[in-house]
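[1] Here is my input; please provide its structure:
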Amino acid sequence: MLELVIFDVDGLMLDTESVWKEAFDQAGNKYGIQNMGSTLFPKLIGKSGRDEKEVLDRYLSQDIQELVIKEWERIGYGMLEKEVPVKPGLNEILDFLDAYHIKKAVATTTRRELTEERLKRVGVYDRFDYVLCGDEVKNRKPDPEIYLSVLHKMNTKAENAIVLEDSSVGVEAAYRASIDCIQVPDLIAPTEVQKEQTICIVKDLMEARDYIKENRI
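    Take a look at the predicted model:
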């Protein structure tokens, strides 16, 4: 019996990855590096901290790296201050889960300050029963800690929950937590690995809602 659905944020509920991709292109263009949004940015999706730095070090020299990243952040945060785009079907799937009295939680690698600000701006923060952020756990996805912590907080068994994820690291985290996962891919197409680690792959949150209704309700 389904009791809980756990949502990722960036790339799943909020269309922020496309914003950062565009910002990367603009930042690269400023310093004479073309198509960074298509070539380098996909390698950074789902990574943070040391892992992100390792990727950047492989592709950009230290001097240009600092300039590009500073410009990337300036452009990206500026774009998100103007608008936080929402993925299609977000409000519809939340309405659906409310109608069936299914609990909803957030598990995101993004820090709490940004998560709260963005979810409140699009009017969905208060619709979740629990929100756990990247700066509140020790290990980041693909480690299963964040999903196991949500299960513990919500007093829910893994077999009674579903995770909604867009990224491969998020899918792996859910898989390692033994929670069924529906992938809604964002900028990176799923591979055979994600096909094996998920119960289904859908094109948007509307299809995710329909799958849950048909198979878990």
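
[2] what's the spacing between stretch 192-209 and its chain's center?
    What separates the centre of stretch 192-209 from the centre of its chain is 14 Å, taken as CA atoms, centre = their mean, to the nearest Å.

[3] Can you name the residues in contact with it?
    The set of residues that contact stretch 192-209 without belonging to it, under CB atoms under 8 Å, 6 or more residues apart in numbering, is 12-13, 87-90, 92-93, 96, 162, 164, 168, 171-172, 174-175, 180-185, 190, 211. The C-beta positions use only the backbone N, C-alpha and C, and glycine is treated the same way.

[4] Could you rerun that using 7 Å?
    Stretch 192-209 has contacts (CB atoms under 7 Å, 6 or more residues apart in numbering) with 87-90, 92-93, 96, 164, 168, 171-172, 175, 180-185, 190, 211.

[5] Any idea how many residues pack against H101?
    Close neighbours of H101, defined as other CB atoms under 10 Å, add up to 7.

[6] Which pLDDT value belongs to it?
    Looking at H101, its pLDDT is 97.

[7] Show me the helices in the protein, by range?
    16-30, 36-39, 41-44, 49-59, 62-82, 90-99, 112-121, 145-153, 168-176, 192-197, 205-215 (DSSP state H).

[8] tell me the most buried of those helices?
    helix 168-176 (a mean of 23; mean count of other CB atoms under 10 Å).

[9] Specify the angle between it and helix 49-59 in degrees.
    Interaxial angle of helix 168-176 relative to helix 49-59 (axes from the mean of the first three to the mean of the last three CA atoms, to 10 degrees): 140 degrees.

[10] Output the contacting helices and strands for helix 168-176.
    Applying 3 or more CB pairs under 7 Å, 6 or more residues apart in numbering; DSSP states H and E, one finds that helix 168-176 makes contact with helix 145-153, strand 161-165, strand 180-183, helix 192-197.

[11] Format those as TSV; extra columns: mean pLDDT.
    Shown next, in TSV, are those (pLDDT from 0 to 100):
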stretch	mean pLDDT
helix 145-153	98
strand 161-165	98
strand 180-183	98
helix 192-197	97
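
[12] how much space between K53 and E196?
    30 Å (CB to CB, to the nearest Å).

[13] follow-up on the earlier one: so can I have TSV of the helices of the chain showing distance to L132?
    Output for the helices of the chain, formatted as TSV (distance: least, CB to CB, whole Å):
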stretch	distance to L132
helix 16-30	18
helix 36-39	29
helix 41-44	22
helix 49-59	18
helix 62-82	21
helix 90-99	18
helix 112-121	9
helix 145-153	6
helix 168-176	12
helix 192-197	21
helix 205-215	20
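
[14] now for those, which one comes closest to R127?
    helix 90-99 (5.3 Å; CB to CB).

[15] quick one, what contacts the nearest residue to V68 once chain neighbours are set aside?
    Nearest residue to V68 in three dimensions, chain neighbours excluded: A27, at 5.1 Å (CB to CB, 6 or more residues apart in numbering). Neighbour list for A27: 68, 71-72, 75 [criterion: CB under 7 Å, 6+ apart].
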